[in-house]
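Chemist: Curious how this folds, go ahead:
(one chain, ligands or ions: 1)
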Amino acid sequence: MSGTWSAPGRVNIIGEHVDYAEGLCLPFAIAERTVVQVSRRDDERLHLSSDFEQGTFDGELSEIGPGTPKGWAGYVAGVLWALRAAGHRVGGIDLHVTASVPLGAGLSSSAALECATAIAVDELFELHLPRTELAAACVRAENEVVGAATGGMDQAVSLLATAGHALLIDTRSGDTRQVPFAPAEAGLAVLVIDTKVRHALADGQYGKRRAAVEEAVARIGSLRDADLAAVATLPPQIRPRARHVVTEIARVQEAVALLEAGRLAEIGPLLDASHASLAGDFEVSSPELDLAVETARVAGALGARMVGGGFGGSAIALTPLDRVDAVSHAVRAAFAASGLAEPDVRIAEPSAGAARDQ
Ligand code: GAF
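Modeler: Here you go, the predicted structure:
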């Protein structure tokens, strides 16, 4: 038994660094997908290879565990490990990655790889699991096998997205809701600006932010319920981190209300405020992301912000269709003038979630 499955990357409209704090986030799936060809084996071996990543992995399922295998293979093997840990009957596979969401661009290439693997294994081993359960296995793979303490936003949207919609994720209840999101119909585009500065979530900064948020929760309770008066009682070193989370959750609620009222063009100031909070209070932006955001706004974007974990990767800019060329050109020119590598600028189309291709 074999086939080809794929899962998309994502951009997040708003709700950044809140998915591990019982917050709300509003990502959509992009057209770029990670594609895996997978065959079921009748033993307990894994053979993993990729057109995109260095190295292959050959080993037994029993070898998988925290930190093993290293590198990209951990995302794939980790999914099988997590499904087995949850009691599901999963055996060996041969898996080859033939296409990928851009790596390290903040567009969630890791979750796309996990989710493509998860739906392939679900079908090949006839598990018939709900997508929410597959998402949970992907998160465990990333947290426990790869060792990156990420939340669950990326896996949820990669598995649950529908075209023409963003996915409102309530990370406290686990509930999700499809929110219509069709920028082109409103004369707009979401530009994705990949700064080409690569980030690594396992490098420590992400974990430090998460630890600061957890310390705030230990002191004042869930930040989902907290107000700014409670945040003001926190020690100065964690106060701005908590303030970001509290204000960002409120911005998501405002953005959803605007989108559901058909007022997409009005979310720009919320994107700008989100970026200011991520750069100032949460300190996860970078000079390149700030340059992309600032230049896009000056050239006519209605709002712009960094997306994903930060420290590099991509920004988004909500841009009137008749300003797309001007914004793209201005951003490229600003990067060239600063001696930076040419950024990749493209329109993101709200796309469908993980599926079997062949
Ligand atoms: C990364 C993580 F994987 C997500 O879980 C989320 O925390 C995001 O950074 C920040 O919003 O993509």
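Chemist: Quick check: longest strand in the chain by residues?
Modeler: strand 27-40 (DSSP state E).
Chemist: And the next helix or strand past that one?
Modeler: For strand 27-40, the following helix or strand on the C-terminal side (DSSP states H and E) is strand 45-50.
Chemist: Now do the SS call for the residue of the stretch 1-150 of the chain found nearest the ligand.
Modeler: Nearest residue of the stretch 1-150 of the chain to the ligand (Cβ to the nearest ligand atom) works out as Thr150 at 3.2 Å. Heads up, the C-betas are built off the backbone N, CA and C, glycines and all. Under the three-state scheme (DSSP: H, G, I helix; E, B strand; the rest coil), Thr150 adopts coil.
Chemist: In space, what's closest to it - neighbours in sequence excluded?
Modeler: Of all residues not flanking Thr150 in the chain, Glu142 sits nearest, at 5.5 Å (Cβ to Cβ, 6 or more residues apart in numbering).
Chemist: can you check His275 too?
Modeler: In space, His275 is closest to Arg305, 3.7 Å off (Cβ to Cβ, 6+ apart).
Chemist: and if you look at Leu228?
Modeler: Val246 (6.4 Å).
Chemist: mind listing what the one you found touches?
Modeler: By Cβ atoms under 8 Å, 6 or more residues apart in numbering, the contact set of Val246 is 223, 226-228, 231.
Chemist: if we go to 7 Å?
Modeler: 223, 226, 228, 231 (Cβ atoms under 7 Å, 6 or more residues apart in numbering).
Chemist: Among those, which one sits closest to Glu254?
Modeler: Of all those, Glu254 sits closest to Leu228, with 15.6 Å by Cβ to Cβ.
Chemist: Quick one: neighbours of that closest one, just the number.
Modeler: Using other Cβ atoms under 10 Å, Leu228 is surrounded by 12 other residues.
Chemist: and the gap between it and the ligand?
Modeler: Counting by Cβ to the nearest ligand atom, to the nearest Å, the gap between Leu228 and the ligand amounts to 21 Å.
Chemist: and if you look at Asp325?
Modeler: The value you get for Asp325 to the ligand, if Cβ to the nearest ligand atom is used, is 29 Å.
Chemist: So Glu266 is in contact with Ala257, correct?
Modeler: No - the criterion here is Cβ atoms under 7 Å, and Glu266 misses it with Ala257 at 10.0 Å.
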